[in-house]
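Colleague: Mind folding the following:
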Amino acid sequence: MKLSEIWSMVGPVPVLAHRPPAATVDDLHRRARRRLPLPIADYLDGGAEGEVSLRTNTEAFARWAFTPRSVPGVGSVDTSTTVLGTRWSAPIGLSPTGYGRLMHPDGELGVARAATLRGVPYVLSTVATTTIENVATVCDPRPPWLQLYALRDRAVTEHMVARAHDAGCEVLELAIDTAVSGNRLRDRRNGLSIPPRLDLPTLARIGIHPAYWWAMVTNPALDFAQVRASEHVGTSLDGGSVADITGQFEAGLSWDDVDHLRRIWPGRLLLKGPVGAVDAVRARDAGVDGVHLSNHGGRQLDRSVPPLVLVPEVRAAAGEDFTILVDSGVRTGADVAIAIALGADAAFVGRPYLWGLASDGAAGVLRVIDILTEELTRTLHLLGVPDVASLRAGGPDLVRAVP
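Modeller: Okay, the predicted model is just below:
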């Protein structure tokens, strides 16, 4: 049989004509690693020191199993929930991550558009490559949240707080786990710089990932736009590298700083970091609205306790009205369900949506949100739970620790 006859029988090869949508977050992870140069992919995937926390974060979720209700079943499920007075389509949020345009030209604006379309919150980072004012323009009617790094120059910090308020931001997250930057060995070994240097190793990589580098050079230069928009009120930053920014972080953050921020910020205030029960109660008593339990995705203090482990003890200590969000290790809708059953109000993701962004821009972020929501919906059906409130209420009977 001739090749032309075979071709007429089978038609165009499907894989060449159409790439099926990603079925899981892991699918998008693999696509992102194929598209990104190694130093950028490792920056996204890597953790601190020996990356123990990177592993234990995901393992913490795997230590829990479901005990479904067989009877009665549920005909339909509702993933929507109310957190901090706002209705969300699902108990899923997008955590703050820096340098969005390093992953894809859509950057933070693409992430914000996806979150707004799907009715879930997005937290803009202090080290974003887009200002909160610009992000707010694509978030109507749901303004972004802002994650705040306290800087040594308090005038710059307070100016960012005022800008957030003026942009319509309703929730501020104060990061408490960044006195210094974590020791990220992959970045050191790869010689990573942000923005990337146009040196010989970089030039060598251009031939391997031409589409990525073409996008980089044909779009506006990377800059720490969110910080830059406030630096005029204080000490200017020398240079424009990540080291210049992180070197400005306040290493001596105290409860007095939390009290001061509570006084000047009229909206909702959360502490973001590996907050234990004692500190959560102290924060609650200081007027803080909740905590975003996180160990920075394993990128700061290696061997930091997995945030999921903290959820039950913080809930027991701080009470039912205290908001608890959790990230670090969330990869599936089932992980979201585990977090809710253990007492969290919502689970957030960081790397997963960046994998989506890197693989397909804003459309990839939409796909991540959809995958997680679909998986959560399926999990609720199979558990016999009609909605998120029932999952929270029935949590102790719906999950159990496994050896």
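
Colleague: Tell me how many other residues surround Gly119.
Modeller: Gly119 sits with 16 neighbouring residues when counted by other Cβ atoms under 10 Å. (Each C-beta comes from the backbone N, C-alpha and C, glycine too.)

Colleague: which phi and psi does it have?
Modeller: Gly119 adopts backbone torsions of phi 70, psi 40, taken as degrees, to the nearest 10.

Colleague: and what of Val349?
Modeller: The phi/psi pair for Val349 (degrees, to the nearest 10) is phi -130, psi 150.

Colleague: and it, what is it in contact with?
Modeller: Val349 makes contact with 92-95, 327, 330-331, 368, 372, according to Cβ atoms under 8 Å, 6 or more residues apart in numbering.

Colleague: can you do 6 Å?
Modeller: With contact set as Cβ atoms under 6 Å, 6 or more residues apart in numbering, Val349 has these partners: Val330.

Colleague: who does it bridge with?
Modeller: Judged by DSSP bridges, the bridge partners of Val349 are Leu94.

Colleague: beta partners for Leu269?
Modeller: The bridge-partner assignment for Leu269, based on DSSP bridges, gives Leu172.

Colleague: For it, give its distance to Ala32.
Modeller: Counting by Cβ to Cβ, to the nearest Å, the gap between Leu269 and Ala32 amounts to 33 Å.

Colleague: Which residue is the nearest non-sequential neighbour of Asp302?
Modeller: If you skip the residues right next to it in sequence, Asp302 has Glu49 as its closest partner in space, 3.7 Å away by Cβ to Cβ, 6 or more residues apart in numbering.

Colleague: Next, count neighbours for the one you found.
Modeller: For Glu49, which is what you asked about, the neighbour count (other Cβ under 10 Å) is 16.

Colleague: How about Thr79?
Modeller: Neighbourhood size, Thr79 [other Cβ under 10 Å]: 22.

Colleague: That one against Trp88, yeah?
Modeller: No: with contact taken as Cβ atoms under 6 Å, Thr79 and Trp88 are classed as non-touching, separated by 8.8 Å.

Colleague: okay, Leu269 and Ala32: which has more neighbours?
Modeller: When neighbours are counted by other Cβ under 10 Å, Leu269 and Ala32 differ, and Ala32 comes out ahead with 25 against 20.

Colleague: Outside of whichever strand or helix holds the more buried one itself, list whatever touches it.
Modeller: Applying DSSP states H and E as the criterion places Ala32 in helix 25-35. Defining contact as Cβ under 6 Å, 6+ apart, one finds that helix 25-35 is touched by 22, 41, 331, 352, 355-356, 358-359, 371.

Colleague: Closest one of those residues to Gly252?
Modeller: Pro352 (33.5 Å; Cβ to Cβ).

Colleague: what is the rounded mean pLDDT of the host helix or strand of the closest one?
Modeller: When secondary structure is defined by DSSP H and E, Pro352 falls within helix 351-383. Looking at helix 351-383 alone, the average pLDDT works out to 98.

Colleague: Check the offset of the very next helix or strand once past it from the chain's centre.
Modeller: Counting by DSSP H and E, the next helix or strand C-terminal to helix 351-383 is helix 388-393. Using Cα atoms, centre = their mean, to the nearest Å, we find the averaged C-alpha position of helix 388-393 to lie 23 Å away from the chain's own average C-alpha position.

Colleague: Over to stretch 378-396?
Modeller: In this view, stretch 378-396 has its centroid 24 Å away from the chain centroid, taken as Cα atoms, centre = their mean.

Colleague: can you map out the strands along the stretch 151-300 of the chain?
Modeller: With DSSP state E, counting those that start in this stretch as the definition, the stretch 151-300 of the chain shows strands at residue ranges 171-175, 268-273, 290-293.

Colleague: Buried deepest among the ones you listed, which one?
Modeller: With neighbours defined by mean count of other Cβ atoms under 10 Å, none of the strands of the stretch 151-300 of the chain is more surrounded on average than strand 290-293, at a mean of 28.

Colleague: Measure how the following helix or strand past that strand sits relative to strand 268-273, angle-wise.
Modeller: On the C-terminal side of strand 290-293, the nearest following helix or strand under DSSP H and E is helix 307-318. Regarding helix 307-318 and strand 268-273, their directions subtend 130 degrees when assessed with axes from the mean of the first three to the mean of the last three Cα atoms, to 10 degrees.

Colleague: which strands and helices sit next to helix 307-318?
Modeller: In terms of contact count using 3 or more Cβ pairs under 6 Å, 6 or more residues apart in numbering; DSSP states H and E, helix 307-318 is assigned the packing partners helix 277-285, strand 323-326.

Colleague: Just send these back as TSV, with mean neighbour count too.
Modeller: Converted to TSV, these look like this (neighbours: other Cβ atoms under 10 Å):
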stretch	mean neighbour count
helix 277-285	17
strand 323-326	26
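
Colleague: Alright, that wraps it up for me.
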